[in-house]
Every structure is written in C-alpha cells, then in structure tokens.
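J.: quick one: sequence plus predicted model below, questions after.
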Amino acid sequence: MADVLRACEGMEQTDKPEEADVILFNTCSIREKAEDKVFSDLGRARLLKQARPDLLIGVGGCVASQEGEAIVKRAPYVDVVFGPQTLHRLPELLARRERQSRPQVDISFPEIEKFDHLPPARVDGCSAFVSIMEGCSKYCSYCVVPYTRGDEVSRPFEDVLVEIAGLADQGVREVNLLGQNVNAYRGKMGDTAEIADFALLLEYVADIPGIERIRYTTSHPNEFTPRLIEAYVKIPKLVNHLHLPVQHGSDRILMAMKRGYTAMEYKSTVRKLRAIRPDLAMSSDFIVGFPGETEEEFEELLDFIEVAQLDRVGAFKYSPVEGAAANALPDHVDPHEQEDRLARLMYLQEEISAEKLAKKVGKTMTVLVDDVDEEGAVARSAADAPEIDGLVYINGADLEVGEFVTVKITDSDEHDLWGEVVRK
C-alpha cells in the first residue's frame, strides 16, 4: 500500500498519525472480535479527523472484505474500504472519494489483477517477500479466509521470476515466497497451456543470479507432493527450515477442523523430509481448545508434539471467527481450560526447543546479517525465518547487513542463539 501511494501520489510513510494526510488500517479477520478492534482503533483516528477534516481514513484487508458497506454505516467518517485484492485501486478510490464527496467501497475479487498494477517492489535490506498466489480453497471449519480473500489463484510463472530477478538486482540475497497455501501454486507458463507447479518454480528461482536462499510460507500438508519433497534433494538454496501447520494431533479434531489429513500422514511427510535433510528445522501451528476437544484428545496433541520434536511452535487458543462453520459445533471448551492447556503445551515445547538449541552450542554455522548497531549484529541461520523465528546475536563484530558470515555458537536459550564470528 505504501509503494502504491508513493508511486502514484508521491506520498511518503510517516510514523506520526497527527502528520498524516491518509491513515490506513490493514486488518485481519483470523481472531475473535477482530472487527471490534478495528472500530476501537478507528475511534482514535476519528478524533484526528475532527481536528483536520481533510484527513482521509481507509480500511483494508480481510475485515474490510468481510464487513464491506457495514464499516461505513457504523463509522461514516471512513472514506475508503478496500479488500486484499483491490489495494492496487487505492489511489483511484481516494480520488473518487474527493470527486464524489462520499465514501468508496471496493471489496471485489479481481483475481490477480492487482499484481499487474503494483509498482516494482522497493526493498531495504537483504531479504524480501514475494507473493506468488492469493486466496485459499481449503475451507477449514475455523477459518473465513476463502470468503475474505477468494479461492486460490496463482500469478503467472514469468511474472514471479521477473520480480525476483529485479529484487536480486537491488541486492536481495534471500527471497521468501508467500501465499495462503503457497505450495498450492499452479502458475500459467507464457501463452502455452503448460502449468508450473510449486516445485518447478523453486527450481527456476534457484537459478536467478544473486539469490542465495529460498524460503516459503505458509504451506499446507495436503499440497506437500512427492515432487516438493524431492526439491529438498535437488535445490541446495532451499533453506533447512520449513513451517508446516498441522493444527492438532488428534484425528477426530483434524476431521472436525476439515484439514483433510491424519496425524500419521503429517508425521510421514516429516519423516521423509528428515530422511533427506536430517538438520531440517521444522515449525508448526496448533489450535488448543477446539470445540469438543476432550482431555484425552489434548493428551494426543501433547504426544504428537513429543514425537514430532518440532523446533518451534505457534499455539493459539481457539476463538470463534464470525462466519466460520466451527462456531456451530457443540461443546465449546471453557476459556480457563483453554488457558491451562495452552500453558501445558508451551511448557512442553519450550523444553524441546531449548534442548534442540543447546545442541548447537560449540558448533559453527553460516548466518545472514539482518541488522547491525554499535553493540553488534543480529543474524539468522538457514533455520531461522524472518519475522517469525529465532535469531543469532553476534557481539562486537564489524559487519554489514546482507553479509554471510560463519559464527561459532557460544550460548542459547529456548528461543535464540549467541555467537562469535569465525570468518566472513
């Protein structure tokens, strides 16, 4: 959104709302009462608008897609409402708001039109995110993403490669491919009837000069094909890290969630990957206290975590999302019981994570420098994903952002590592 407004209107981003000409709220509908939080935040922006009537206020993202015109009815001071697939129309919406003197709402699903209208990505640093597909066709019972972002649509194969090549020319060394179900990518190849699957895209990205590491998120277990598993043999630039959400360890709960696989099938994928790459770091997501979850089924989840030996875990208490099918399920778990189960799960996982990181003390590894200051540097190994996983802290080294350096690990806790430079 910032890139679009910069390219079309010459606007620059500010961290001070009182100085802004436009205030945008980018919203997510995944958690309970997401829309209430949006309106609470809008209330603060309304005070700024009362002082400066020319201030423009916009609401985008999934809550905007879900609520649409209702946002303007409840908050008539909002000027534009736009969905995830129409953010490229933001300058047009703002201009129409000025011309017509009334709020503008566009929450349509024009498939991948937005990628044809977005300006070239501008990056600061050595890592970049690249969206390769939009939407979701999985319809899990606890989620409304298919309704707020539409079904799965992939960007054309060549478009993705051209964007990544442009990022490499700007000094990007590591690219992170994005999608709601990124490994469901099926991109059209030129004017032919050929379709590129995700494994083929990875092979071509690996051949782009300057790109040294390839990541992707978020993947779905049902799309983890034999070809994608084989990519971990063929593509050294594919990092030793995988985030593969499983959500639960009980087959009955997985079925109620409409995930489409069993716990055994998930563990089979993990075994195949670790047979290829024994050092593969794996992280996953879990929902605790799903409607109807018994103590025995929660114990199945703990057993799953014990067996899977994941490096990191994101765990969340189930919360109803407006419009989700799971809301109608019986036997919702008491919030206090949810809290207790979440604490038990995280205690077990922190023990596992701490033990895994402690085994790295005394070893050397190659890390990519993300940030530097007068005290040292913050870096990531191939097993640490940007913005979601642990870090490697390096004290007192004269380093630059974007450098690959070899460090010896000197200390650890349950989340992060500390190291000293062995060589650049």
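T.: That came in fine, so what should we check first?
J.: quick check: end-to-end length of stretch 168-183?
T.: 22 Å (Cα to Cα, to the nearest Å).
J.: report the buried residues of that stretch.
T.: Residues of stretch 168-183 classed as buried by neighbour count (16 or more other Cβ atoms under 10 Å): 168, 172-183. Just so you know, the C-beta spots here come from the backbone N, C-alpha and C atoms, and that holds for glycine as well.
J.: can I get those in a markdown table including pLDDT and distance to R423?
T.: As requested, the buried residues of stretch 168-183 are exported to a markdown table (pLDDT from 0 to 100; distance: Cβ to Cβ, whole Å):
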| residue | pLDDT | distance to R423 |
| --- | --- | --- |
| A168 | 94 | 25 |
| V172 | 93 | 23 |
| R173 | 93 | 18 |
| E174 | 92 | 20 |
| V175 | 94 | 25 |
| N176 | 93 | 26 |
| L177 | 95 | 30 |
| L178 | 93 | 33 |
| G179 | 93 | 37 |
| Q180 | 91 | 40 |
| N181 | 95 | 40 |
| V182 | 97 | 34 |
| N183 | 97 | 35 |
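J.: could I get the residues you listed in CSV, plus columns for distance to I57?
T.: CSV is the format used below for the buried residues of stretch 168-183 (distance: Cβ to Cβ, whole Å):
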residue, distance to I57
A168, 37
V172, 33
R173, 38
E174, 35
V175, 34
N176, 31
L177, 33
L178, 27
G179, 30
Q180, 27
N181, 32
V182, 32
N183, 37
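J.: helices - which of the residues you listed land there?
T.: A168 (DSSP state H).
J.: nearest to R259, of the buried residues of stretch 168-183?
T.: N181 (11.9 Å; Cβ to Cβ).
J.: tell me how far the closest one lies from G60.
T.: N181 is 22 Å from G60, where distance means Cβ to Cβ, to the nearest Å.
J.: ditto for K73
T.: Remark: distance between K73 and G60 (Cβ to Cβ) = 18 Å.
J.: again with G43
T.: From G43 to G60 the distance is 18 Å (Cβ to Cβ).
J.: okay, strands next: where are they in the stretch 51-200 of the chain?
T.: 56-61, 80-82, 104-106, 127-131, 133-134, 153-154, 174-178, 186-188, 195-197 (DSSP state E, counting those that start in this stretch).
J.: I'd like those strands as TSV, with distance to L302 appended.
T.: Shown next, in TSV, are the strands of the stretch 51-200 of the chain (distance: least, Cβ to Cβ, whole Å):
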stretch	distance to L302
strand 56-61	34
strand 80-82	43
strand 104-106	46
strand 127-131	33
strand 133-134	34
strand 153-154	37
strand 174-178	31
strand 186-188	37
strand 195-197	35
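J.: quick one: closest of those to V378.
T.: Nearest to V378, of all the strands of the stretch 51-200 of the chain, is strand 127-131, at 12.3 Å by Cβ to Cβ.
J.: tell me if I'm right that G289 and P320 touch.
T.: No: look at G289 against P320 with Cβ atoms under 8 Å: they stay out of range, at 11.4 Å.
J.: mind checking which of the two has more residues around it?
T.: Here G289 and P320 are set side by side on neighbour count (other Cβ atoms under 10 Å), and the busier one is G289, at 21 against 16.
J.: can you count the residues close to the closest residue to that one other than its chain neighbours?
T.: Leaving out its chain neighbours, the residue that sits closest to G289 by Cβ to Cβ, 6 or more residues apart in numbering is Q338, at 3.4 Å. By other Cβ under 10 Å, 21 other residues sit near Q338.
J.: go on, the one 3 residues further on?
T.: The number of residues packed near R341 is 21, by other Cβ under 10 Å.
J.: of the buried residues of stretch 168-183, closest to M365?
T.: For those, the closest approach to M365 (Cβ to Cβ) belongs to E174, at 15.2 Å.
J.: and V4, what does it touch?
T.: If you count contacts by Cβ atoms under 8 Å, 6 or more residues apart in numbering, V4 has them with L87, H88, L90, P91, L118, P119.
J.: ok, those residues vs Y216, which is closest?
T.: Proximity of these to Y216 was ranked by Cβ to Cβ; the top entry is L118 with 19.7 Å.
J.: can you pull the contacts of the closest one?
T.: L118 sits in contact with D3, V4, H88, where contact means Cβ under 8 Å, 6+ apart.
J.: over to V78?
T.: Residues in contact with V78 (Cβ under 8 Å, 6+ apart) are L42, I57, G58, V59, I71, V72, P103.
J.: enumerate every residue touching the second one.
T.: By that I understand I57. With Cβ under 8 Å, 6+ apart, I57 has these contacts: V22, I23, L24, F25, L42, A45, R46, K49, Y77, V78, D79, V80.
J.: about what we covered before: which one's more surrounded, K73 and G60?
T.: The neighbour comparison of K73 against G60 (other Cβ under 10 Å) goes to G60, with 22 against 11.
J.: and the more buried one, how far from E18?
T.: Distance of G60 to E18, computed by Cβ to Cβ: 21 Å.
J.: ok, S381 touching M365?
T.: Yes: shown here, S381 and M365 form a contact pair, counting by Cβ under 8 Å, at 5.0 Å.
J.: shared neighbours, those two?
T.: With Cβ under 8 Å, 6+ apart, S381 and M365 have common neighbours V392.
J.: which secondary structure elements does the longest helix along the chain contact?
T.: Counting by DSSP H, the longest helix found in the chain is helix 335-358. Under the contact definition 3 or more Cβ pairs under 8 Å, 6 or more residues apart in numbering; DSSP states H and E, helix 335-358 sits against strand 281-288, helix 295-308, strand 312-317, strand 404-412.
J.: which one of the ones you listed is the most hemmed in?
T.: Greatest average neighbour count among those goes to strand 281-288 (a mean of 21), per mean count of other Cβ atoms under 10 Å.
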